[in-house]
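Student: When you get a sec, could you give me coordinates for this:
(one chain, ligands or ions: 1)
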Amino acid sequence: MSGAPILEVERIGRIYRRGGIFGGKPFYAVDDVSFTLPETPKVFSIVGESGSGKTTLARMVLRLVEPTDGTIRLMGRPLTGTSKERIDNLEFRRLVQPIFQNPFEAFSAYLPIGTYLIRTALNLKIARSEAEAVEAADAALRSVGLSYERIRGKYIRQFSGGELQRISVARALIPNPKLIVADEPVSMVDASLRMSIVNLFRQIVEEKGVSFIYITHDLSTAYYLSDHVAIMNAGRVVEQGAPGDILAYPSEAYTRELMAAIPTIGARWTELDEIDRHYAHERTRDGKSADKHHQEHS
Ligand SMILES: Nc1ncnc2c1ncn2[C@@H]1O[C@H](COP(=O)(O)OP(=O)(O)OP(=O)(O)O)[C@@H](O)[C@H]1O
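Tutor: Have a look, this model is predicted:
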């Protein structure tokens, strides 16, 4: 269905029980959350402290957890419920891909990573033969500054966290998805490489037309990367809007607390000014975001 938003999340909620398997007290881990990702590719960040419900929300969008209430539609078609229109699993995995926090857990330790990527291409029916699968893996790896040749025969222990997260991004790109849901994707990556991954996301949005849901507790990367930020507290979205507006004029006390909770607030927000300047420069240079760190480290 063309013209439909990529994702429409409407009043979703998820109940869990706290305090014992039997008779624990029910509570909403995600409570009445709504947002829309438009057809044009965007980065939508969900920011909140530990326990605010970000991962539960991401897992509902990834169809790993069934919502207790509400509906989710992908390109106009339901992800939840039992209607005939519901997107089937293969189609869903081709359209929506995850990137998780720990890249070391994203791949098998006993399989060369290239083999894993080939299997992904074959399982998702992106390739009909091993040769086609190598081609698909190579194309995806090239979009993140690597190549199949460079990773061939290697196992996860032979890569750094940053390199592996880059390979996770390549894995996610194999089916040419419409949406990537990235749950704390840089929190386990070395600080020096963090911005290169964040820049890579922006490049993918602009060059490949993929939308991102970026889940993080880190306001600074959310501010830098996003077109839209939603702040979550105790399962609810307490405010959402353009990052500049939210962070310059936070209307919620909770958002101000989140900002104040950054331990090196002076340094961090000065760093944001630098990021702003760098980003503005990179974007105007040739109309695209370039990835300086990426070139340095690849
Ligand atoms: N399977 C589950 N069973 C019971 N409670 C759960 C389950 N998953 C999450 N919760 C609870 O739901 C709440 C929200 O958790 P969630 O992991 O979504 O938050 P989060 O913001 O992603 O936090 P973190 O960054 O620490 O992962 C927490 O109180 C958590 O303990």
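
Student: In this structure, where is pLDDT below threshold?
Tutor: 1-2, 20-23, 261-298 (pLDDT under 70).

Student: Give me the distance between whichever residue of the stretch 101-250 of the chain sits closest to the ligand and Ser45.
Tutor: Residue of the stretch 101-250 of the chain nearest the ligand, by CB to the nearest ligand atom: His217 (6.1 Å). The way it works is simple: take the backbone N, C-alpha and C, and place the C-beta from them, glycine included. For His217, the distance to Ser45 equals 11 Å [CB to CB, to the nearest Å].

Student: Would you mind telling me which of the two has more residues around it?
Tutor: The neighbour comparison of His217 against Ser45 (other CB atoms under 10 Å) goes to Ser45, with 27 against 18.

Student: Name the residues linked to the more buried one by a beta bridge.
Tutor: Beta bridges link Ser45 to Tyr214, Val229, judged by DSSP bridges.

Student: Now do the same contact list for it.
Tutor: For Ser45, the contacting residues are Ile213, Tyr214, Ile215, Thr216, Ala222, Leu225, Ser226, His228, Val229, Ala230, Pro243, by CB atoms under 8 Å, 6 or more residues apart in numbering.

Student: For the stretch 1-150 of the chain, which segments count as helices?
Tutor: 54-61, 89-95, 113-123, 130-143, 148-151 (DSSP state H, counting those that start in this stretch).

Student: how distant is stretch 122-130 from the center of its chain?
Tutor: Stretch 122-130 sits 24 Å away from the centroid of its parent chain (CA atoms, centre = their mean, to the nearest Å).

Student: List of residues touching that stretch?
Tutor: Residues from elsewhere that reach stretch 122-130 (CB under 8 Å, 6+ apart): Leu90, Arg93, Arg94, Ile118, Ala121, Glu132, Ala133, Glu135, Ala136, Ile174, Pro175, Asn176.

Student: try 6 Å
Tutor: Around stretch 122-130, the neighbours that count as contacts under CB atoms under 6 Å, 6 or more residues apart in numbering are Arg93, Arg94, Ala121, Ala133, Ala136, Ile174, Pro175.

Student: Tell me if I'm right that the third one and Ile174 touch.
Tutor: Think Ala121. Yes - counting by CB atoms under 6 Å, Ala121 does reach Ile174; the two are 5.3 Å apart.

Student: rewinding a little: looking at the helices of the stretch 1-150 of the chain, which is buried most?
Tutor: Mean neighbours per residue, mean count of other CB atoms under 10 Å, is largest over those for helix 54-61, with a mean of 24.

Student: contacts for that one?
Tutor: With contacts defined as CB under 6 Å, 6+ apart, helix 54-61 is touched by Arg14, Ala29, Val30, Ile46, Gly48, Val65, Pro67, Val181, Asp183, Ile215, Met232.
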